[in-house]
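1. All I have is the shape, not the residue letters:
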């Protein structure tokens, strides 16, 4: 292995780790106060501040390698090696959860109700109860 090859391995690995670190910083920047609380809106004497729930997650993997070896069997040239690799992914979710209304006399927090989630939870619960009852009745009929 030449001197240049020995020096290139740490540099390649460092650049891979720099990319991972930069990507991770971008995902973590989603969980800031600015992402949770929107810009205040003035409406008459009231100040309205939207609030959101933010969820950020990511996963990464990095691999590297190198190698040299003596020729064996039918190989004609000396073995050598290299490596590299990395991958990752993630997602950032956000949804509105409340609106904060500040007036000169008081502050109110008005929750944002997600009707779709409520309806889906109701249907899921109903389907579970229906499937359980059907399974229980099937057991009685078979006996």
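-> Yep, that arrived. Treat the numbers as computed from the prediction; the structure is a model and nothing was measured. Numbers count the residues shown, from 1 in each chain.

2. Quick one: the strands in the protein, in order.
-> Using DSSP state E, the strands of the chain run over 41-43, 46-62, 68-69, 79-80, 86-102, 107-111.

3. Redo those strands as a markdown table? Include mean neighbour count.
-> For every residue, glycine as well, the C-beta is placed using N, CA and C. Formatted as a markdown table, these follow (neighbours: other Cβ atoms under 10 Å):
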| stretch | mean neighbour count |
| --- | --- |
| strand 41-43 | 9 |
| strand 46-62 | 14 |
| strand 68-69 | 10 |
| strand 79-80 | 12 |
| strand 86-102 | 14 |
| strand 107-111 | 11 |
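
4. which one of the ones you listed lies closest to residue 33?
-> For these, proximity to residue 33 was assessed by Cβ to Cβ; strand 46-62 is nearest, at 10.1 Å.

5. for stretch 103-114, the distance to its chain's centre please.
-> 30 Å (Cα atoms, centre = their mean, to the nearest Å).

6. end to end, how far does that stretch reach?
-> 25 Å (Cα to Cα, to the nearest Å).

7. Need the single longest helix in the chain, by residues.
-> Looking across the chain with DSSP state H, the single longest helix is helix 115-142.

8. ok, and for it, which residues are buried?
-> By 16 or more other Cβ atoms under 10 Å, helix 115-142 has no buried positions at all.
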